[in-house]
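A.B. asks: here are the coordinates; sequence isn't available:
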């Protein structure tokens, strides 16, 4: 049996990678990929806690993880559509140059 | 006193291999220069996560992960990369100007998480999972009973996302 | 259950090794005489014009978009389908409401010509 | 009725009887099982290619391969040997990782599906709880492979074709998933073996094996078949390959064994999709006397799977090709709404407080109605199309079109 802490360490590492990607990448799509990584890390945690919770038939962790997958799909669809729309107007997807509100 | 080296079980070895693969792919996603390679590494990481789900005996989630993340979201990301390819070259660095601070923040965050992880005595054993389809049926049952509000909210979210994204992404 | 997936894992290994071995065998058995004309972009003998990684229309993205959301919907319906016999009639209403919402999205996309391929 | 034990248990039991520890016995049994499955797929691919050539050439009034071996049976082996000695030409600017991984993933993704196909009672690679969904999920590997091949080749035609093929696969995956969902709604299970078992028809305890879901749900079956043609890029939907008109599609820059891998994946994939259709809608290994003689199941299953493959090749030899806008129209404006409505109808019917027989009758009537509606829609579409083509090709309209196009009229 794999101890729970191993899963948690993996999830922590993936989350950190995603966080770094979301903070440090220049391309908006790469930022989005970082966010997807973070959501996946959260999913690993949820499922791992469900597995080791002692109440496997409760399924709350799995249901939550499925909802996160659905939210991630919606987020990716709208986020990428936004990026495409912005690209069409500004010809860039560089997050440093996207300063429409800064005037 | 002789030091005892614990012999890992087969499951543990498979977990370690999969975890290393996932972690390596996850790291490459954020540091790869080529955006398309980033997307490929993302697919690798998502596969790794699906394998982790299998090891956690959440098979429905594993298959769902492959179906939705790799089949749909990764494809969508590649499409978007193609559509916005104007900035693929001529750039020296894929990182923005706050990347140093971002790296530092992420590192601090990781260390804090590890420190927290060490504090708690996590369980090492889990109870057995029923081998039949009762868990999948249980999921279906939970969707329409306990979590029905969330379920319908997901339906609404998907509809709104579809409408909003179509509105944003249309050519005209 | 994990033993079942052991078979899947072994299947992955065998299924990956077959094409790898075939391609490697080909690599070692065949001649290598690359020259710039041979390794050039193949366009039926014409000189290639412009960049290979051309710009795309948003149409592909729109198809992908509708696909993603229907895929998620199907994923949610599968467990319900498995449990369907044991569910109360109220569950049917909820399921149908769930499907109808996405159908409304599809109709919107249809009305806005997002599904049109010019 | 005797229950047939799962092959893995039998082999493992035999190996442990020889004195092997249990873990190793399981490992050896599974490696051998996977090896046999994939060897079978490879050998059957040779046969499938031969069948295609023979059937299509007979339809086109040709003889087809007849020199190498009896009836040209060994022709494909000769072709494979030839491809083995061909130089692998990689385009100079290709992206090596994506370019080389794509053919491997394409084949592996196809072969992995074999793991959940029930060949006979007890004879299934592994009977996963999520079998039906596993098949659908593996389709996404093929999508990734097409994207990688298109991108990696550094060729604009390969890229365009790769994207078009992905758009096609995505569009037809939805009707396919929904038709699988109708089956799962009825059977209440995703295990392929259980779906096959569900289709028994018992009269006084004797299994006729003819309770095929295809009889009950003809519309679901037809839509699954159409989508499987599109997923396998077979003839009415092979506009990306279009051997007779265009360059080859997203594998244009591939040569030697790498090209052969895409070719192999396509043929094996069309057979596998046929086998899945046989399992979901034509009873799989079900047939008369299968309870008494389980090995008959293998015969029935193979007969059905190869029969469907023959139908696919028949269509390949006789049907014209659709245009890409027709392809998208058909998927998103006919099949998807039709299947969604059928699904909702079936969900309601299955909860009606009437006898099971009446529920089945209502499901059948709903399916017939859907076929009727799709037929009417298609008929109207083709009538409009006929008027349109007549207009655009009548001599009078051609007069003005020979001049250079005006500025901006693209």
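C.D. replies: Okay, I see it. This one's a predicted model, so the numbers in the text were calculated from it and none came from an experiment.

A.B. asks: helix, strand or coil for the closest residue in space to residue C:104 that isn't next to it in sequence?
C.D. replies: In space, and not counting its chain neighbours, residue C:104 is closest to residue B:159: 5.8 Å by CB to CB, 6 or more residues apart in numbering or on different chains. C-beta coordinates here come from the backbone N, C-alpha and C atoms, glycine included. Here residue B:159 is recorded as helix under DSSP: H, G, I helix; E, B strand; the rest coil.

A.B. asks: In this structure residue B:159 contacts residue C:106, no?
C.D. replies: No - in this structure, residue B:159 is not within contact of residue C:106 by CB atoms under 8 Å, at 9.1 Å.

A.B. asks: Get me the contact residues on the stretch 251-400 of chain D for chain C.
C.D. replies: Neighbours of chain C within the stretch 251-400 of chain D, by CB under 8 Å from any CB of the partner chain: D:252-253, D:256-258, D:260-261, D:324-325, D:327-329, D:332-333, D:336-337, D:340, D:343-344, D:347-348, D:350-351.

A.B. asks: what's residue D:132 in contact with, if anything?
C.D. replies: C:78, D:180, D:183, D:184, D:190, D:192, D:195, D:280 (CB atoms under 8 Å, 6 or more residues apart in numbering or on different chains).

A.B. asks: Can you point out the helix or strand that includes it?
C.D. replies: helix D:131-152 (DSSP states H and E).

A.B. asks: Quick check: mean pLDDT of that helix?
C.D. replies: Throughout helix D:131-152, pLDDT has a mean value of 89.

A.B. asks: Go ahead and measure how far it is from the middle of the chain.
C.D. replies: 13 Å (CA atoms, centre = their mean, to the nearest Å).

A.B. asks: pLDDT below threshold where in chain A?
C.D. replies: A:98-103 (pLDDT under 70).

A.B. asks: Recalculate using a threshold of 80.
C.D. replies: A:1, A:54-56, A:89-103 (pLDDT under 80).

A.B. asks: returning to that earlier point: which among the contacts of residue D:132 gets closest to residue B:54?
C.D. replies: Using CB to CB, residue D:190 comes nearest to residue B:54 of these, at 15.6 Å.

A.B. asks: Now do the closest one against chain A, distance only.
C.D. replies: Separation of residue D:190 from chain A (CB to the nearest CB, to the nearest Å): 15 Å.

A.B. asks: what secondary structure does that residue sit in?
C.D. replies: coil.

A.B. asks: What separation is there between it and residue D:280?
C.D. replies: For residue D:190, the distance to residue D:280 (CB to CB, to the nearest Å) stands at 11 Å.

A.B. asks: Which among the contacts of residue D:132 count as buried?
C.D. replies: In these, burial by neighbour count holds for C:78, D:180, D:183, D:184, D:190, D:192, D:195, D:280, counting by 16 or more other CB atoms under 10 Å in any protein chain shown.

A.B. asks: quick one, phi psi at the fifth one?
C.D. replies: Okay, so that is residue D:190. phi -110, psi 0 (degrees, to the nearest 10).

A.B. asks: List the contacts of it.
C.D. replies: So residue D:190 contacts B:133, B:136, C:78, C:82, D:128, D:129, D:130, D:131, D:132, D:133, D:184 (CB under 8 Å, 6+ apart).

A.B. asks: and the fifth one, how many residues sit next to it?
C.D. replies: Neighbour count for residue D:128, taken as other CB atoms under 10 Å in any protein chain shown: 24.

A.B. asks: Now the residue of chain B found nearest chain D: closest residue in space that isn't a chain neighbour?
C.D. replies: Proximity of chain B to chain D (CB to the nearest CB) peaks at residue B:71, 2.8 Å away. With CB to CB, 6+ apart as the criterion, residue B:71 has its nearest non-adjacent residue at 2.8 Å, and that residue is residue D:140.

A.B. asks: Surely the one you found touches residue B:73?
C.D. replies: No - contact criterion CB under 8 Å: residue D:140 and residue B:73 do not qualify, at 10.1 Å.

A.B. asks: Looking at those two, which is more packed in?
C.D. replies: residue B:73 (28 against 24).

A.B. asks: Look up which helix or strand the residue nearest to that one when sequence neighbours are not counted falls in, please.
C.D. replies: Spatial nearest neighbour of residue B:73, excluding adjacent residues (CB to CB, 6+ apart): residue A:76 at 4.7 Å. Under the criterion of DSSP H and E, residue A:76 resides in helix A:60-90.

A.B. asks: list the helices and strands that helix packs on?
C.D. replies: Helix A:60-90 sits against helix A:28-51, helix B:59-64, helix B:75-83, helix B:134-144, helix B:148-169, helix C:58-83, with contacts defined as 3 or more CB pairs under 8 Å, 6 or more residues apart in numbering or on different chains; DSSP states H and E.

A.B. asks: list the buried ones in it?
C.D. replies: A:61-87.

A.B. asks: Same check on stretch B:111-130?
C.D. replies: Neighbour-count burial for stretch B:111-130 [16+ other CB under 10 Å]: B:113, B:126, B:129.

A.B. asks: does any bit of it sit next to chain D?
C.D. replies: No - under the criterion of CB under 8 Å from any CB, chain D is not reached by stretch B:111-130; the shortest gap measures 10.0 Å.

A.B. asks: neighbouring contacts of that stretch?
C.D. replies: A:1, A:3-5, A:8-9, A:12, A:15-16, A:51-52, A:54, A:56-57, B:57, B:135, C:1.
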